[in-house]
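Chemist: Just to be clear, the model below is a prediction. Sequence and coordinates:
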Amino acid sequence: LFSNYNFTDLNSLIMNAVSAITILLSLSSICHGFTLKTPVVKTKNTKASKCLNFMNINGGSVDNKKSKKIVVLGGDGFCGWPTSLHLSEAGHQVIIVDNLSRRKIDLELGCDSLTPIQTIQSRLKVWEVITGRKIEWINFDVSRDYDLLLNLLKVEKPDTIIHFAEQRAAPYSQKGSREKIYTVNNNIGGTHNLCVAIVESGLDIHVVHLGTMGVYGYGNSGGQIPEGYIDVILPGNREQKILHPAYPGSVYHTTKCLDALLFQFYNKNDGLKVTDLHQGIVWGTNTDQTMRDERLINRFDYDSDYGTVLNRFLMQAGMGIPMTVYGTGGQTRAFIHVSDTAQCIEAAVNNPPSSNSAVEIFNQVAETHKIRNLAKMIDDKTGTGIDFISNPRNEAAENELDVRNDKFGNLGVDFKSLDENLLEEVQNIAMKYSSRADLKLVYPKSYWNKNRVAAAKGDNEAEKSKQQLFVDIYDEK
């Protein structure tokens with residue numbers, strides 16, 4: 001029983017001993033005709049969760065203890081790095097593919113992570129020393145180096161590929177012509193190369209893709225946003241389940257909508273197994289794995305292009321400068337902690353769609369909040385103040401957002417909420433590394449269109465007429 005375990009420290013020895021005892025008890029229960037209950041994470045739907053520990057949500061059998069070979073595309077990034085460590089610690093064999101493009105964009109923007117992230121070589125070496133688990137890193141561009149990608153699949157034969165390898169910032173995708181073109185070429189090129197390479201390889205590989213809630217638009221469904229698909233009545237009173245209509249709000253969000261269409265085609269045409277995760281805005285910095293050593297720390301983006309709104313607020317509060325709220329702050333958005341991102345990815349890996357099933361879509365969100373309410377909550381605690389500034393984005397000033405996220409709850413995922421302890425943890429990180437911050441970078445540098453530029457410059461006519469190109473189709477009735 002112990003021959004395949006790797007004892008690298010006392011903690012792993014204890015955990016492996018517990019696992020071995022569990023196996024022995026399970027065998028004993030089978031031999032003596034009684035059932036050993038499997039512990040599950042507490043969820044809103046405990047009964048369903050217990051069942052789904054053994055059965056895939058689509059009806060296929062699941063072995064949550066099976067070690068898999070997993071390729072993580074974009075494994076050096078904000079979500080990719082903690083997810084890679086999480087999966088490695090869970091016992092999976094992880095290979096990172098990353099061309100370090102996000103680090104190159106830092107140089108381009110003249111901005112560094114607030115936290116002092118190490119080189120990927122150093123990170124991986126530290127992880128191996130601490131845990132005894134090796135993560136391989138391969139450097140190539142998924143969107144351009146098709147032959148290298150195909151060869152990797154044929155040689156390694158991974159069970160799962162996690163696709164983070166996309167330019168992830170909406171503001172950066174609106175910055176200018178060059179950034180718009182790069183975002184489309186990189187994101188769509190990478191996704192399509194991946195689909196084609198899997199088909200050409202002939203391998204049965206499960207793709208887990210990190211999408212965005214932004215594919216739905218915000219407040220445009222006329223009700224609760226379902227998980228990917230919507231039931232409609234077509235002419236002739238024909239009932240049909242279709243993809244939820246796309247309503248992107250930036251070039252970045254548009255590429256995620258196009259990703260979804262590519263997955264639908266290759267799933268229908270070639271039987272590609274895909275789980276698409278429509279994720280909310282990620283906040284937080286560290287996970288249990290990245291906190292094990294300072295050299296494993298995750299990146300913390302605070303600038304206006306890549307810093308997510310809540311992290312940016314917490315950084316500003318930590319620095320004692322007013323939080324910059326765009327427009328009225330009435331935008332309602334979905335949020336998720338970075339550690340829950342890793343947990344959701346693991347749940348998706350352990351529960352692949354069954355053969356010949358449709359693309360599986362999850363809404364990967366924990367909760368929704370209005371932006372101004374978040375700012376007020378932090379201001380009430382810190383007294384840092386709020387600065388309402390002209391919105392650089394072309395979006396509705398106010399919206400509601402009701403999101404369905406039952407599927408992850410049914411798989412036993414227990415989401416973290418925005419409690420004071422977690423907020424304080426992120427704020428403390430911001431304060432600790434405050435000397436690394438360039439405060440000018442928190443103010444918007446990317447604008448959605450010329451009217452947003454004019455508004456930002458204080459053009460009175462533009463402000464007076466509210467020259468917004470955004471039109472909500474439900475307001476036109």
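Modeler: Great, that's in hand.

Chemist: Quick check: T183 vs T119, distance?
Modeler: Going from T183 to T119 by C-beta to C-beta, to the nearest Å gives 25 Å. Any C-beta I mention is one placed from the backbone N, CA and C, and that applies to glycine too.

Chemist: And E360, its phi and psi?
Modeler: E360 adopts backbone torsions of phi -80, psi 130, taken as degrees, to the nearest 10.

Chemist: before we move on, what about Q93?
Modeler: phi -90, psi 120.

Chemist: Identify the spatial nearest neighbour of it, chain neighbours not counted.
Modeler: K69 (4.6 Å; C-beta to C-beta, 6 or more residues apart in numbering).

Chemist: got it, and I297?
Modeler: Closest to I297 by C-beta to C-beta, 6+ apart is T115, at 4.9 Å.

Chemist: From the structure, what's the count of residues near that neighbour?
Modeler: 20 (other C-beta atoms under 10 Å).

Chemist: list the contacts for the residue nearest to Q93?
Modeler: H92, Q93, I95, E156, K157, P158, D159, T160 (C-beta atoms under 8 Å, 6 or more residues apart in numbering).

Chemist: Now which of the residues you listed would you call buried?
Modeler: H92, Q93, I95, E156, P158, D159, T160 (16 or more other C-beta atoms under 10 Å).

Chemist: Confirm for me that I297 is in contact with T290.
Modeler: Yes: under the contact definition of C-beta atoms under 8 Å, I297 touches T290, with a separation of 5.7 Å.

Chemist: who's more crowded, these two?
Modeler: T290 (25 against 22).

Chemist: Could you pull up phi and psi at the more buried one?
Modeler: The phi/psi pair for T290 (degrees, to the nearest 10) is phi -70, psi -20.

Chemist: sorry, back to before: helices - which of the contacts of K69 land there?
Modeler: With DSSP state H as the criterion, helices contain E156 from among the contacts of K69.

Chemist: now for the contacts of K69, which pair is the farthest apart?
Modeler: H92 and K157 (14.3 Å; C-beta to C-beta).

Chemist: I figured F300 hits L114, correct?
Modeler: Yes: here F300 reaches L114: they are 4.1 Å apart, a contact under C-beta under 8 Å.

Chemist: what's the overlap in contacts for those two?
Modeler: Joint contacts of F300 and L114 (C-beta under 8 Å, 6+ apart) are M315, I429, A430, Y433.

Chemist: Could you dump the contacts of K69 into a markdown table with pLDDT added?
Modeler: Shown next, in a markdown table, are the contacts of K69 (pLDDT from 0 to 100):
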| residue | pLDDT |
| --- | --- |
| H92 | 98 |
| Q93 | 98 |
| I95 | 98 |
| E156 | 98 |
| K157 | 98 |
| P158 | 98 |
| D159 | 98 |
| T160 | 98 |
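
Chemist: would you list the contacts of K69 in a markdown table and tack on distance to V309?
Modeler: Converted to a markdown table, the contacts of K69 look like this (distance: C-beta to C-beta, whole Å):
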| residue | distance to V309 |
| --- | --- |
| H92 | 32 |
| Q93 | 36 |
| I95 | 33 |
| E156 | 38 |
| K157 | 40 |
| P158 | 34 |
| D159 | 35 |
| T160 | 31 |
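
Chemist: Is D340 located within a strand, as I assumed?
Modeler: No: if the criterion is DSSP: H, G, I helix; E, B strand; the rest coil, then D340 is helix and not within a strand.

Chemist: Could you list the low-pLDDT ranges of the stretch 1-150 of the chain?
Modeler: 1-65 (pLDDT under 70).

Chemist: Let me see the ranges of the helices in it.
Modeler: Assigned by DSSP state H, counting those that start in this stretch, the helices in the stretch 1-150 of the chain fall at 10-32, 46-52, 80-89, 101-109, 120-131, 146-156.
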